[in-house]
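*Asks:* predicted model, plus sequence, below.
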Amino acid sequence: MRIEQDLKLGFKDVLFRPKRSNLKSRSQVELTREFTFKHSGRQWSGVPVIAANMDSVGSFAMAKALAENGCMTAVHKHYTVEDWAAFVAESDAQVLNNVMVSTGTSEADFEKTQKIMAMSDELIFICIDIANGYSEHLVEYVERVRAEFPDKVISAGNVVTGDMVEELILAGADIVKVGIGPGSVCTTRVKTGVGYPQLSAIIECADAAHGLGGRIIGDGGCSCAGDVAKAFGGGADFVMLGGMLAGHEESGGEVVEQDGKQFMKFYGMSSQSAMDKHSGGVAKYRAAEGKTVMLPFRGSVHNTIADILGGVRSTCTYVGAAQLKELTKRTTFIRVQEQENNVFGKE
Ligand code: 5GP
């Protein structure tokens, strides 16, 4: 047994130190980024915020709405091949370029991914997603997907340490997804005791990935626009959001009325709800590692995304970053013991 004494930080442990800036207005801040990916050589330009591949977030409707804002959606893996065919047929290139096709690592997943990717050259992102990215099986699967799709952008995860980021990039991933345990409906830390504070995971994994020309997605744990900015400030190239984009018209959940108020169900992809829906219940050998919550229905996602991007733009003006790309270089985090003042309740 070993104990690491290095301090690891979450979003709630830091704030940005303001810096002198010659930016007069948030409107001067450019959030669009351009990436050329390591293995595929693909170029992509857009706002690097991604809706999570959860079936009450990453829907086709979300993909259309976020593409209008230049953002991405990792579409969840529970749509059928026929659903995809209909979606691809009715979508223009801008939507498909901003979509990630999610997949697990089984043989059936591989065949389904082949069928979906064959539908359009405009589909360029594949998101290989398993809860425990430390499995050797994932590395082999990434190698196989890279061989099959040499010119597609491959994301793989989830991991939280630099060693595994390097291994996945060397196996063929262009992007590594980072986050174990921080999610809003995740109970992994409670059920297993495993995890890593998300801001430190991002900082360390970004360093490892960038050293090899790879990219990372900071996935999970953002509860407000300030957290999204902190993830970018820590070095995340992309930030993935579940809970912050759940509960909207476009999220794909069912609206229910309780006492005259509208709610939408939101659940972890390893929750009892998800396993009942997609796998015929929780298998005997495992525990659910996600929870189910009812969120107040929040209407269209356009307002929420404008609020998030407005917050990140404002962060950039406080630290003097004219482009999102510069944010991490302009970032000094200060460790804090307090965040917002809640004397009149939470925002
Ligand atoms: P959020 O933005 O809601 O804090 O986090 C979203 C992320 O939580 C997802 O992208 C995914 O990585 C993770 N997640 C989603 N469902 C589950 C689950 O049931 N269990 C765990 N451990 N993580 C989940």
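*Replies:* Received it, and whenever you're ready, just let me know what you need.

*Asks:* who's in contact with the residue lying closest to G268 once chain neighbours are set aside?
*Replies:* Of all residues not flanking G268 in the chain, G290 sits nearest, at 1.9 Å (CB to CB, 6 or more residues apart in numbering). The C-beta positions use only the backbone N, C-alpha and C, and glycine is treated the same way. By CB atoms under 8 Å, 6 or more residues apart in numbering, G290 lies in contact with 183, 185-187, 267-274.

*Asks:* do L212 as well
*Replies:* By CB under 8 Å, 6+ apart, the neighbours of L212 are 38, 166, 169-170.

*Asks:* how about the residues of the stretch 201-347 of the chain near the ligand?
*Replies:* 219-222, 240-244, 268-271, 289-290 (CB under 6 Å from any ligand atom).

*Asks:* and which of the residues you listed is nearest to E107?
*Replies:* Relative to E107, the closest of these is M269; by CB to CB it sits at 20.3 Å.

*Asks:* the closest one is in contact with D55, isn't it?
*Replies:* Yes: assessed by CB atoms under 8 Å, M269 is found in contact with D55 at 7.2 Å.

*Asks:* where do the contact lists of the two overlap?
*Replies:* Common neighbours of M269 and D55 (CB under 8 Å, 6+ apart) are H76.

*Asks:* so which of these two has more stuff around it?
*Replies:* M269 (27 against 22; other CB atoms under 10 Å).

*Asks:* and the nearest residue to that one once chain neighbours are set aside, how many neighbours does it have?
*Replies:* Take M269 and drop its neighbours on the chain: the residue closest to it by CB to CB, 6+ apart is M54, 5.4 Å away. M54: 30 surrounding residues under other CB under 10 Å.

*Asks:* so L66 is in which element?
*Replies:* Applying DSSP states H and E as the criterion places L66 in helix 60-68.

*Asks:* now for that helix, which elements pack on it?
*Replies:* strand 49-51, strand 72-75, helix 81-90, helix 93-97, helix 301-319 (3 or more CB pairs under 8 Å, 6 or more residues apart in numbering; DSSP states H and E).

*Asks:* could I get these in JSON lines, plus columns for mean pLDDT and mean neighbour count?
*Replies:* Formatted as JSON lines, those follow (pLDDT from 0 to 100; neighbours: other CB atoms under 10 Å):
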{"stretch": "strand 49-51", "mean pLDDT": "98", "mean neighbour count": "29"}
{"stretch": "strand 72-75", "mean pLDDT": "98", "mean neighbour count": "28"}
{"stretch": "helix 81-90", "mean pLDDT": "98", "mean neighbour count": "14"}
{"stretch": "helix 93-97", "mean pLDDT": "98", "mean neighbour count": "17"}
{"stretch": "helix 301-319", "mean pLDDT": "97", "mean neighbour count": "19"}
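
*Asks:* do you know which of the ones you listed lies nearest Q5?
*Replies:* Nearest to Q5, of the helices and strands packed on helix 60-68 and by CB to CB, is helix 301-319 at 29.8 Å.

*Asks:* stretch 72-87 near the ligand anywhere?
*Replies:* No: Stretch 72-87 stays clear of the ligand (CB under 6 Å from any ligand atom), getting no nearer than 7.7 Å.
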